[in-house]
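A.B. asks: sequence unknown, structure follows:
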Ligand SMILES: C=C(CC[C@@H](C)[C@H]1CC[C@H]2C3=CC[C@H]4[C@H](C)[C@@H](O)CC[C@]4(C)[C@H]3CC[C@]12C)C(C)C
Ligand SMILES: C[S@@+](CC[C@H](N)C(=O)[O-])C[C@H]1O[C@@H](n2cnc3c(N)ncnc32)[C@H](O)[C@@H]1O
């Protein structure tokens, strides 16, 4: 072959490979984001690596982040940084619902996710005319499913401005912007009137609060008397042993890689709810049999992780993705291993469900 022909062929093959990496391999797992769109929230390109380092040094020793008032006060700001760093990767590699769900035999992940979300709407008895609060709404996957399923209006709150914009764009695209509203704010001091919601829910979000009382207390305040609050909580289960180093490492790994100021024990949730005034209507760990494992989706993705890691590296090399994305992606990969171990050993559940009622006669009155 002529040298010129060889050079052209090599060039074409190279370009084909880049195209394959970026557009095919980098395609979103569940539509909506491509690898080339990994922006790292509202952090400017040159600050991504620094922000990741700051995040990591804060959450490296999770329990310590909640022990003093001064460090607990910093948690929301670091959680905001965390979601700037991970939101695009989550959307790209997981979809618009940032939570787990029990696997359903013969059904897709998408179906399992929707069923887990619609369960909340059904428990709340949400219906047209109701105004329901989504506490820690992410980019609004659950909000849209619940609004569409129930016909209720849903107002979501998230600490992260970038997620607000993503959620609003998704709502518009889904034709649900008249029914779904998104507000930027702290769920421990919400900008809503007392007794202004017919129902409230939180899906894998309140685990970011240093004190669960602070967020449950706020939900209690904004809920109308007699109405329900459903929450899916991240907890350690009674199988967790604090004297087993493998257990401790798995739980610390989950906390570090998920911006958690310290996981709570399952048996703490109901008493905290009662402490702020709620009646406990139901409490159930949805991860327990007969539910099928929630962590198989993480495990089955090994090949996808390898592919994604390669895509992220190539995009960083080509300067399409900002420096620091590789580190964030590595952190998530490690977190996935800890979460899987937590699921397999049964020491951790991301779906300890509580159904709480604000009594008709408020005890404080
Ligand atoms: C509730 C929370 C988030 C739960 C999950 C939505 C996310 C927890 C770990 C995340 C992921 C881990 C591995 C990533 C993978 C390396 C990458 O290639 C593609 C995205 C992942 C699969 C990513 C997706 C979201 C999670 C499963 C917490 C924060 C309270
Ligand atoms: C794992 S995501 C879950 C999002 C959504 N519930 C879902 O299932 O797709 C956690 C959410 O809680 C929000 N969050 C964490 N701490 C918060 C705080 N102090 N105030 C408001 N939102 C918060 C995050 O911004 C994020 O949107």
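C.D. replies: It's in. Since this is a predicted model, take the numbers as computed values, not measurements. Ligands and ions are numbered 1, 2, ... in the order given.
A.B. asks: Show residues contacting stretch 329-343.
C.D. replies: Here stretch 329-343 makes contact (C-beta atoms under 8 Å, 6 or more residues apart in numbering) with 52, 56, 86, 89, 246, 249-251, 253-254, 256-258, 287, 293-295, 298-299, 301, 305, 308-309, 312, 348, 350. Every residue, glycine included, has its C-beta placed from N, CA and C.
A.B. asks: is ligand 2 contacted by it?
C.D. replies: No - applying C-beta under 6 Å from any ligand atom, one finds stretch 329-343 separated from ligand 2 by no less than 11.9 Å.
A.B. asks: one step back: which ones among the contacts of stretch 329-343 also lie next to ligand 1?
C.D. replies: Okay, of the contacts of stretch 329-343 touching ligand 1 (C-beta under 6 Å from any ligand atom), that's 89, 258, 301, 305, 308.
A.B. asks: could the residues you listed be laid out in JSON lines, adding neighbour count and secondary structure?
C.D. replies: Shown next, in JSON lines, are these (neighbours: other C-beta atoms under 10 Å; DSSP: H, G, I helix; E, B strand; the rest coil):
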{"residue": "89", "neighbour count": "20", "secondary structure": "helix"}
{"residue": "258", "neighbour count": "23", "secondary structure": "coil"}
{"residue": "301", "neighbour count": "18", "secondary structure": "coil"}
{"residue": "305", "neighbour count": "16", "secondary structure": "helix"}
{"residue": "308", "neighbour count": "21", "secondary structure": "helix"}
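A.B. asks: export these to CSV and tack on distance to residue 185?
C.D. replies: Output for these, formatted as CSV (distance: C-beta to C-beta, whole Å):
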residue, distance to residue 185
89, 24
258, 21
301, 33
305, 34
308, 32
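A.B. asks: min pLDDT across those residues, which one?
C.D. replies: Minimum pLDDT for these is recorded at residue 301 (69).
A.B. asks: dump the residue contacts of the single nearest residue of the stretch 251-365 of the chain relative to ligand 1.
C.D. replies: In the stretch 251-365 of the chain, the residue found nearest to ligand 1 is residue 308; the distance is 3.3 Å by C-beta to the nearest ligand atom. Each residue near residue 308 by C-beta under 8 Å, 6+ apart is listed here: 35, 92-93, 329.
A.B. asks: swap the cut-off to 6 Å and go again
C.D. replies: Contacts for residue 308 (C-beta atoms under 6 Å, 6 or more residues apart in numbering) come out as residue 93.
A.B. asks: And the strands in this structure, which stretches?
C.D. replies: With DSSP state E, the ranges of strands along the chain come out as 131-135, 153-158, 180-184, 197-203, 223-236, 264-265, 279-285, 348-357.
A.B. asks: Report the separation between residue 221 and residue 361.
C.D. replies: 16 Å (C-beta to C-beta, to the nearest Å).
A.B. asks: for residue 165, same thing?
C.D. replies: Residue 165 sits 41 Å away from residue 361, going by C-beta to C-beta.
A.B. asks: Settle it for me: which of those two has more neighbours?
C.D. replies: Neighbour count, other C-beta atoms under 10 Å: between residue 165 and residue 361, residue 165 has more, with 15 against 8.
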